[in-house]
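Colleague: please work out how this folds:
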Amino acid sequence: MPLPEGFLQELKLRNDMTEVASSYVSLKKRGRNMVGLCPFHGEKTPSFNIYSENGSFYCFGCGVGGDVITFIMKIENLDYIDAVKFLAQRAGMNMPEDSFDDSMSVLRKRIYEANRAAAKFFYTTLTGKSGAKGLNYFHSRALPDATIRHFGLGYADENRYSLVNHLKSLGFNNNEIVQANLAYQNKNGNISDRFYDRVMFPIIDLRGNVIAFGGRIMSDAKPKYLNTSDTPVFKKSSNLFALNFAKNSDEKALILCEGYMDVIALHQAGFTNAVATLGTALTPEQALLMKRYCDEVIICYDSDEAGQKATNRAIDLLRNAGLLVRVISIPEGKDPDEFLRNKGDKGRDAFKNVIEGSGNDIEYRFRKMKTKYNLELSEGRVGYLNEAVKILSALDNEMEQDVYVSTLAKEVGVTPDSIRHQIRKHSRSKYNKRQKDNFRKLQSDLNGRNDKINTERYKKQRVTTAEEGVIAYLVKNQDKLSYISSQLDENKFQTEFNRKLYSYFSERIKNGDDALMSVSGDFTPEETAKIFRIINSDFAKMANDETLRENIGVINDEYARLKLSDISSASDEDIQERLRRLRDNRK
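Modeller: Model (predicted):
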């Protein structure tokens with residue numbers, strides 16, 4: 001059963017869309033709306049809009065939209081019921097009892113419980129008789145027992161059924177254990193531990209839940225690290241190791257590392273602002289997540305070729321998220337863990353000096369470029385300058401550009417104006433390409449080629465636009481349902497998705513319910529975003545009685561034309577059959 005309308009109405013009243021979003025996004029008033037940089041994709045020009053009129057949001061940059069429940073679902077990575085619970089707790093409300101399908105919420109809760117039980121089991125194993133191998137490994141990496149406890153580190157022993165048997169003894173069933181990705185299931189339905197003979201690193205979310213694990217082998221076998229795959233409570237592209245600790249650091253920057261051991265070693269040395277990705281390269285979601293807790297990120301990746309490629313990619317993602325970026329180059333190509341261990345008691349001060357001596361991402365790229373070119377030769381200087389111009393043309397701040405232009409000019413022996421000329425030329429070329437790409441995207445959006453929700457739009461552009469106009473008008477003028485119904489039959493809607501929307505909203509209004517109240521629970525997030533785009537589009541804002549009549553006319557005309565086309569292509573037998581049906585209907 002769905003959640004009661006009255007409950008949802010009170011929930012949304014107590015959780016104002018603008019107020020909730022402002023705790024994640026910096027918002028400014030623009031006309032009747034609030035705007036800001038979208039928290040769901042990197043951008044430099046605000047395209048994230050909040051519409052106080054109907055308590056919704058929509059980003060015209062990435063196409064995410066919905067109501068306050070959808071917003072929490074997306075930004076907290078929760079399903080519908082858990083997002084409602086999140087907002088209810090925020091507002092001090094109690095959830096209604098036994099009136100909704102919370103099977104996914106129940107499964108998520110059981111996975112959280114299974115993960116917590118597994119974390120305790122791994123820690124107990126590590127500190128017990130069968131954990132000597134794992135404990136010796138951690139001690140060999142200079143981790144004392146206090147650090148092991150702080151991070152909840154553990155050990156999965158060599159028995160392939162140790163954890164499975166333990167969880168079953170606690171009442172967890174096979175499905176719950178497999179859904180948590182703590183076990184594999186074979187063709188016969190039997191399950192065995194996913195992690196065995198590995199030291200274990202629990203991954204904890206910002207609310208203190210154990211959501212996943214990373215397991216490291218202690219030999220040269222592959223894979224070196226085995227990580228939890230995505231589950232109903234975990235998405236590796238949207239989480240960071242140790243962010244639950246780092247978010248409370250007094251530092252204004254986060255240190256981004258490659259591995260769990262690097263992060264732990266840094267925390268142990270007092271750098272509690274260190275985090276790491278979870279077995280994958282940095283993602284846009286992780287960059288945006290860091291943006292919520294800092295203004296600057298210090299990249300501390302390995303100095304090998306793979307690490308340098310990862311650094312360059314991370315720089316672009318972090319800059320796109322609006323973050324300042326610095327890059328650490330650890331002496332002798334060591335990783336943070338090895339560097340700190342080699343320095344012993346002087347490790348903290350030594351690493352602090354490395355941070356203080358680090359340059360920003362532009363300086364880092366310039367240093368790397370210099371190793372590729374011989375600046376004693378003319379062609380080397382030209383190649384160096386051409387690469388530098390590409391980097392500088394991406395900077396939005398002209399003063400920042402000017403600083404590097406002056407430095408480059410002196411370094412290579414050319415005039416600053418010649419470099420500025422090349423930057424303007426390259427910027428124009430990039431701008432023209434961007435304009436062409438935007439125009440192609442706009443064309444595709446207008447003709448419906450990119451519409452993945454209403455896939456019929458591309459072939460029925462005129463009538464689809466009219467249908468959306470009627471839907472937007474109806475939602476904003478729910479008292480006009482009787483008039484619209486008298487002029488338009490829902491069967492005349494030619495696109496299935498819009499027919500579904502019109503029927504859905506009409507039925508709710510007839511029952512005395514607010515048209516939009518349950519949208520986020522009754523439609524998928526993608527469909528919800530499409531609905532709020534229709535309702536909040538510029539075309540919808542122009543909806544009035546006159547445009548309503550025009551749109552109804554278009555739908556009726558297109559329907560009549562469709563029927564005429566059907567008849568013209570019908571056989572004599574088909575026409576006779578239709579005439580017979582018409583006569584029967586009149587009796």
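Colleague: what is the burial count for residue 44?
Modeller: Residue 44 has 11 neighbours, counted by other C-beta atoms under 10 Å. No exception for glycine: its C-beta is placed from N, CA and C like everyone else's.
Colleague: wait, doesn't residue 251 sit right on residue 275?
Modeller: No - applying C-beta atoms under 8 Å as the test, residue 251 and residue 275 come out as separate, 11.5 Å apart.
Colleague: the more surrounded of these two?
Modeller: A side-by-side neighbour count of residue 251 and residue 275, using other C-beta under 10 Å, places residue 275 first with 27 against 15.
Colleague: apart from its chain neighbours, what residue comes closest to that one?
Modeller: residue 240 (4.4 Å; C-beta to C-beta, 6 or more residues apart in numbering).
Colleague: got a list of what residue 388 touches?
Modeller: 366, 369, 404, 408, 419 (C-beta atoms under 8 Å, 6 or more residues apart in numbering).
Colleague: doesn't the fourth one lie inside a helix?
Modeller: Spelled out, it's residue 408. Yes - the assignment for residue 408 is a helix, going by DSSP: H, G, I helix; E, B strand; the rest coil.
Colleague: and residue 117, how many neighbours does it have?
Modeller: When neighbours are counted by other C-beta under 10 Å, residue 117 comes out with 20.
Colleague: skipping adjacent residues, who's closest to residue 527 in space?
Modeller: Closest to residue 527 by C-beta to C-beta, 6+ apart is residue 453, at 5.8 Å.
Colleague: what do you get for residue 360?
Modeller: The shortest distance from residue 360 to any non-neighbouring residue, by C-beta to C-beta, 6+ apart, is to residue 326 (5.3 Å).
Colleague: how near is the one you found to residue 392?
Modeller: According to C-beta to C-beta, to the nearest Å, residue 326 and residue 392 sit 18 Å apart.
Colleague: one more: residue 63?
Modeller: 32 Å.
Colleague: okay, the two: which has more neighbours?
Modeller: Remark: of residue 63 and residue 392, residue 392 carries more neighbours, 23 against 17, as counted by other C-beta under 10 Å.
Colleague: for the stretch 151-300 of the chain, what spans make up the helices?
Modeller: Residue ranges of the helices in the stretch 151-300 of the chain, as given by DSSP state H, counting those that start in this stretch, are 162-169, 174-179, 243-246, 260-268, 284-291.
Colleague: alpha carbons only: can I get the helix or strand containing residue 382 in CSV?
Modeller: For residue 382, the element it lies in under DSSP states H and E is helix 378-392. What follows is helix 378-392, C-alpha atoms only, in CSV (Å, rounded to 0.1, in the frame of the first residue of the first chain):
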residue,chain,number,x,y,z
SER,A,378,63.4,26.0,-30.7
GLU,A,379,61.0,23.1,-31.5
GLY,A,380,61.1,22.1,-27.8
ARG,A,381,60.1,25.5,-26.7
VAL,A,382,57.3,25.6,-29.3
GLY,A,383,56.0,22.2,-28.2
TYR,A,384,56.2,23.3,-24.5
LEU,A,385,54.3,26.5,-25.2
ASN,A,386,51.6,24.8,-27.3
GLU,A,387,50.8,22.4,-24.5
ALA,A,388,50.9,25.2,-21.9
VAL,A,389,48.5,27.3,-24.0
LYS,A,390,46.0,24.4,-24.0
ILE,A,391,46.1,24.2,-20.2
LEU,A,392,45.9,28.0,-19.6
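Colleague: can you give me the buried ones in that helix?
Modeller: 381, 383-385, 387-389, 391-392 (16 or more other C-beta atoms under 10 Å).
Colleague: stretch 186-198 now?
Modeller: So, applying 16+ other C-beta under 10 Å, buried residues of stretch 186-198: 191, 193-198.
Colleague: ok, stretch 40-47 next?
Modeller: For stretch 40-47, by 16+ other C-beta under 10 Å, it's 40-43, 46-47.
Colleague: what does stretch 112-125 give?
Modeller: Under the neighbour-count criterion of 16+ other C-beta under 10 Å, stretch 112-125 has 112-119, 121-123, 125 buried.
Colleague: run through the bridge partners of the closest residue to residue 183 other than its chain neighbours.
Modeller: With sequence-adjacent residues excluded and distances taken as C-beta to C-beta, 6+ apart, residue 183 is closest to residue 191, at 4.2 Å. On the basis of DSSP bridges, residue 191 is bridged to residue 185.
Colleague: in this structure residue 191 contacts residue 179, no?
Modeller: No - look at residue 191 against residue 179 with C-beta under 8 Å: they stay out of range, at 11.1 Å.
Colleague: picking up where we left off before, from the buried residues of stretch 186-198, pick the one nearest residue 219.
Modeller: residue 197 (8.5 Å; C-beta to C-beta).
Colleague: are any of the contacts of residue 388 buried, and if so which?
Modeller: Looks like those have 366, 369, 404, 408, 419 buried, using 16+ other C-beta under 10 Å.
Colleague: among these, which are in helices?
Modeller: Counted as lying in helices by DSSP state H, out of the buried ones among the contacts of residue 388, are 366, 369, 404, 408, 419.
Colleague: dump the residues you listed to TSV, plus distance to residue 6.
Modeller: Formatted as TSV, those follow (distance: C-beta to C-beta, whole Å):
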residue	distance to residue 6
366	62
369	64
404	60
408	66
419	66
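Colleague: strands of the stretch 101-250 of the chain, start to end?
Modeller: Using DSSP state E, counting those that start in this stretch, the strands found in the stretch 101-250 of the chain span residues 154-156, 183-185, 191-193, 198-204, 210-217, 225-227.
Colleague: tabulate the CA atom coordinates of the fifth one in CSV.
Modeller: Included here for strand 210-217 are C-alpha records, laid out as CSV according to Å, rounded to 0.1, in the frame of the first residue of the first chain:
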residue,chain,number,x,y,z
VAL,A,210,29.2,-0.3,7.6
ILE,A,211,28.3,-0.4,3.9
ALA,A,212,31.1,-2.5,2.3
PHE,A,213,34.6,-4.0,2.7
GLY,A,214,38.0,-4.0,1.1
GLY,A,215,40.1,-7.1,1.5
ARG,A,216,43.9,-7.2,0.9
ILE,A,217,45.7,-10.4,0.1
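Colleague: that concludes my questions; thank you for your assistance.
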